[in-house]
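Asks: Quick one, what's the 3D model for this:
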Amino acid sequence: MTKKSPPFRIAPLQKVVAEPVTDLAEQANLDQQRGRRSKAIRTRGGNHIPEPVPSPVFTLCQQLPAEDRPALLMQVASLLSPEEQLDLLEQLTAQLPAGVARQLEEELRTRLAQRSS
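Replies: The predicted structure is shown next:
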């Protein structure tokens, strides 16, 4: 004999009352939470992977003068393992415009050719 499944149960309806938000800090918090949810990435399985939030270090680096950023990048990169350095290079080059990426590739090929000869 097959076992009968239990009856399908539905929770009682709940009444929802909307209240206006008057506190600006609360509104900003709600907007931020809503923004995080909308930026989530949907995968094939239906799971949500949140988009990475910029770190405070990244935000501070953006505030540095443009001429100081390469030196900081070199210092940070020197602390990474070779594998992490390659990952960082991959991320950085993916953000370059196509023309700049091609120019960089040509310069690197020239340097490598000079070193090997």
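Asks: Quick check: which element contains Leu89?
Replies: Element membership for Leu89 (DSSP states H and E) is helix 82-94.
Asks: taking the mean pLDDT, what do you get for that helix?
Replies: Averaged over helix 82-94, pLDDT sits at 85.
Asks: Going along the chain from it, find the next helix or strand for me.
Replies: Taking DSSP H and E, what comes next after helix 82-94 is helix 98-116.
Asks: okay, the angle between that following helix and helix 82-94?
Replies: 140 degrees (axes from the mean of the first three to the mean of the last three CA atoms, to 10 degrees).
Asks: Dump helix 98-116 to CSV, restricted to CA.
Replies: What follows is helix 98-116, C-alpha atoms only, in CSV (Å, rounded to 0.1, in the frame of the first residue of the first chain):
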residue,chain,number,x,y,z
ALA,A,98,41.2,46.8,-25.9
GLY,A,99,43.7,49.2,-27.5
VAL,A,100,45.7,49.6,-24.3
ALA,A,101,45.8,45.9,-23.7
ARG,A,102,47.2,45.3,-27.2
GLN,A,103,49.8,48.0,-26.8
LEU,A,104,50.8,46.5,-23.4
GLU,A,105,51.0,43.0,-25.0
GLU,A,106,53.3,44.3,-27.7
GLU,A,107,55.6,46.1,-25.2
LEU,A,108,55.8,42.9,-23.1
ARG,A,109,56.7,40.8,-26.1
THR,A,110,59.4,43.3,-27.1
ARG,A,111,60.9,43.2,-23.6
LEU,A,112,60.8,39.4,-23.4
ALA,A,113,62.5,39.1,-26.8
GLN,A,114,65.2,41.5,-25.6
ARG,A,115,65.8,39.5,-22.5
SER,A,116,66.0,36.2,-24.2
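Asks: In it, which residues are buried?
Replies: By neighbour count on 16 or more other CB atoms under 10 Å, the buried set for helix 98-116 is empty. C-beta here means a position set from N, CA and C on the backbone, and glycine is covered the same way.
Asks: Can you name the residues in contact with it?
Replies: Contacts to helix 98-116, defined as CB atoms under 8 Å, 6 or more residues apart in numbering, come from residues Thr93, Leu96.
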